[in-house]
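# Predicted coordinates and the sequence they were generated for:
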Amino acid sequence: MVQLLTPRSFAVVWALEGVGPAVLRLLPSAELDGRTVTMDPRDGRYVARLDDLLPGRAYSYEVCGREARTDEPVRFAGSVRTPREDCRSFRFEVLGDSGGGGGAQLRVEWCMRHHQPDLILHTGDVVYETGARESYPSRFFRPYQQLMAGVPFYPVLGNHDVMTDDGEPLLQTFLLPENGPEGVGPERCYWFDHCDARFVGVDSNLEEGVMFSRVAPWLEETLSQATTTWRFVYFHHAIYTNARNAADQKLLAYLVPALERGGADIVFAGHNHLYERSHPLRGGQIVPADQGVVYVTTGAGGSSVYAERLPPPDFLAAFYDDDFSFTVVDVDGPRLALRQINSDNEVVDEWVREKRPSPDGRPDGPSRASADVYSG
């Protein structure tokens, strides 16, 4: 699978039966000759990093079992496009609680592939029931094999993911940025920039003291220092929600102030297996879009679906609990369009937001200058 995509680099992570060297080769193109990377496995996986690439180009690659001979059988192949360095328009998808391994997960995957995302965020519970390493082939790799060969996945740990060895199977499967808060294990919390957006992933399973002393200050600083137009945060446990699992009070107390002060635009979560979208909120109150954060629960990725409690609270602008679904977000400079798509590829909710330039000419984050154009 593709990981750590930048305008000039990406990594490919894979596993093969048996031991010994394996080879990844880029197919020759007009821009460069065929390049090979020979790797030995570490911790049961191979990692090939490709650097010094060109922005905004498609690269095709093949993985062979042992040697880069022309007669060596190709184990798998893929194609990935590097983003342009001046990129301001792209599409990403978000889903969670997907790893059931059944037909619902496959139907959602087909729809996700149909919409051709540039990257995918996963809000946790990647494989059920216990996040075990042996569950990944049937509940992650096979369902998403066509997507992951060209589109990077960025997951965070869910409560089921940490049931096995505190989440080590997930951390050993994916290759994620190691830029989280000091004192927290690598890849549990991290951030990355893609085009004109900053993305911050948080392990919401961490204990209260760590969340307060380590994660919240780091989250606020990471958001505040972003020079991108958009700032997105994602973790597993939902905060503003109204389904089976109650709002996480630890996150409400420690992360919400950091999200608001840091200027987050949208926060994505899972844990409740349905879709919910809040109005812009600040301090738990509905506010104009230029002053608040929108919270999206998108946890109907393929395991099961929970019912919304009725009547819905005032803070919810929309919900959908009839079917499995996932979120599609199109960013186009200062304009953002969010759609929720069900497993029949139908749009079940749509919301658009556009940021106006601030006095210095830059579109700015919440609490400054933005407008809620349409709320469906």
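Cool, got the structure. These numbers were taken from a predicted model, which means no experiment stands behind them.
# Hmm, Asn272 and Thr297 touching each other?
Yes - the pair Thr297 / Asn272 is scored as a contact, 5.3 Å apart, by CB atoms under 8 Å. (C-beta placed from N, C-alpha, C; glycine too.)
# In space, what's closest to Gly180 - neighbours in sequence excluded?
Of all residues not flanking Gly180 in the chain, Cys189 sits nearest, at 3.7 Å (CB to CB, 6 or more residues apart in numbering).
# And for the one you found, the neighbour number?
27 (other CB atoms under 10 Å).
# and it, what does it touch?
Gly180, Pro181, Val200, Gly201, Val202, Asp203, Val215, Trp218, Leu219 (CB atoms under 8 Å, 6 or more residues apart in numbering).
# Can you tell me the strand partners of the host helix or strand of the third one and which way each runs?
Using DSSP states H and E, Val200 falls within strand 197-201. Paired neighbours of strand 197-201 in the sheet (DSSP bridges): strand 190-194 (antiparallel), strand 230-234 (parallel).
# which other residues reach stretch 250-261?
Residues contacting stretch 250-261 (CB under 8 Å, 6+ apart): 202, 204, 208, 211-212, 215-217, 219-220, 223-224, 233, 235, 237, 239, 267, 282-283, 292-293, 366-367.
# quick one: which of the contacts of Cys189 has the most company?
Within the contacts of Cys189, neighbour counts (other CB under 10 Å) peak at Val202, which reaches 32 neighbours.
# ok, now which ones touch Gln225?
For Gln225, counting by CB under 8 Å, 6+ apart, there are no contacting residues.
# mind checking how far it is from Val200?
Per CB to CB, to the nearest Å, Gln225 is found 11 Å from Val200.
# Now the residue nearest in space to the middle of the chain: closest residue in space that isn't a chain neighbour?
Centroid-nearest residue in the chain: Leu121, 1.3 Å away (criterion: CA atoms, centre = their mean). Using CB to CB, 6+ apart and skipping the chain neighbours, the partner closest in space to Leu121 is Val94 (4.5 Å).
# and that neighbour, how many residues sit next to it?
Neighbourhood size, Val94 [other CB under 10 Å]: 27.
# Any idea what it is bridged to?
Leu121, Thr327.
# ok, now how distant is it from Ser135?
22 Å.
# Now do the shared contacts for Thr297 and Asn272.
Ala238, Thr241, Ala243.
# In terms of pLDDT, where does Ala15 sit?
Looking at Ala15, its pLDDT is 82.
# And for Gly180?
pLDDT, read off for Gly180, is 98.
# same deal with the one 3 residues further on?
The confidence metric pLDDT takes the value 96 at Gly183.
# what mean pLDDT does the longest helix seen in the chain have?
Assignment by DSSP state H gives helix 249-262 as the longest helix of the chain. What helix 249-262 shows for mean pLDDT is 97.
# any low-confidence regions in the stretch 51-200 of the chain?
66-72 (pLDDT under 70).
# quick one: the helices in it?
103-114, 136, 145-148, 168-173 (DSSP state H, counting those that start in this stretch).
# now for the ones you listed, which one comes closest to Gly20?
helix 168-173 (19.8 Å; CB to CB).
# Name the residues of the closest one that are buried.
Pro169, Leu170, Leu171, Gln172, Thr173 (16 or more other CB atoms under 10 Å).
# Beyond the longest helix of the chain, next helix or strand please.
Trace forward from helix 249-262 with DSSP H and E and the next one is strand 266-269.
# Would you pull up how far that following strand lies from the middle of the chain?
In terms of CA atoms, centre = their mean, to the nearest Å, the centre of strand 266-269 is found 10 Å from the chain centre.
# do the same with stretch 322-337
Worked out by CA atoms, centre = their mean, stretch 322-337 lies 13 Å from the chain centre.
# do the same with stretch 163-183
How far stretch 163-183 lies from its chain's middle: 14 Å, per CA atoms, centre = their mean.
# and that stretch, how far apart are its ends?
21 Å (CA to CA, to the nearest Å).
# CA-only coordinates of stretch 249-260 in PDB, if you can.
The C-alpha trace of stretch 249-260 is given here as PDB (Å, rounded to 0.1, in the frame of the first residue of the first chain):
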ATOM      1  CA  GLN A 249     -16.000  13.700  28.300                       C
ATOM      2  CA  LYS A 250     -12.200  13.500  28.400                       C
ATOM      3  CA  LEU A 251     -12.100  14.900  24.800                       C
ATOM      4  CA  LEU A 252     -14.800  17.500  25.600                       C
ATOM      5  CA  ALA A 253     -12.800  18.800  28.500                       C
ATOM      6  CA  TYR A 254      -9.300  18.900  27.000                       C
ATOM      7  CA  LEU A 255      -9.400  18.800  23.200                       C
ATOM      8  CA  VAL A 256     -12.300  21.000  22.400                       C
ATOM      9  CA  PRO A 257     -10.600  24.200  23.900                       C
ATOM     10  CA  ALA A 258      -7.500  23.300  21.900                       C
ATOM     11  CA  LEU A 259      -9.500  22.700  18.700                       C
ATOM     12  CA  GLU A 260     -11.200  26.100  19.100                       C
END
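# Tell me the buried residues in that stretch?
Buried, per 16+ other CB under 10 Å, within stretch 249-260: Lys250, Leu251, Tyr254, Leu255, Val256, Ala258, Leu259, Glu260.
# quick revisit: got the contacts of Cys189 as CSV, with distance to Asn342 columns?
Listed next are the contacts of Cys189 as CSV, based on distance: CB to CB, whole Å:
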residue, distance to Asn342
Gly180, 34
Pro181, 36
Val200, 27
Gly201, 25
Val202, 27
Asp203, 29
Val215, 33
Trp218, 36
Leu219, 31
